[in-house]
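show me how the following folds:
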Amino acid sequence: MPDRSVRFFGGPLDGRVQELADEEPVPGTVVRHIHLHGGPKIETRYELGLTEDGWAYRVQAHESEPEPDTLS
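The predicted structure is shown next:
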């Protein structure tokens, strides 16, 4: 039976290991981790991939979103 654990690389979950769900893992699946604290909400996205060492979630690069135009 293949190893069902996945390791997180980067971001606030770096080094965490957890078991994959019962469904077949799909490379490219993205999970979001939202950290709430006294400041602004911080969202980190991880993408699932299969490496030589097994399954891994790696932090996705942040895509910059255009600032909304607030001038009227």
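
I'd like to know how far the residue lying closest to residue 42 once chain neighbours are set aside sits from residue 13.
Nearest non-adjacent residue to residue 42, counting by CB to CB, 6 or more residues apart in numbering: residue 35, 4.4 Å away. From N, CA and C alone the C-beta is placed, and that goes for glycine too. The gap separating residue 35 from residue 13 is 10 Å, by CB to CB, to the nearest Å.

now do residue 28
Here residue 28 is placed at a distance of 18 Å from residue 13 (CB to CB).

higher neighbour count, those two?
Between residue 28 and residue 13, counted using other CB atoms under 10 Å, residue 13 has the larger neighbour count: 18 against 7.

check what pLDDT the more buried one gets.
Predicted confidence (pLDDT) for residue 13: 95.

these two touch, right, it and residue 33?
Yes - shown here, residue 13 and residue 33 form a contact pair, counting by CB atoms under 8 Å, at 5.7 Å.
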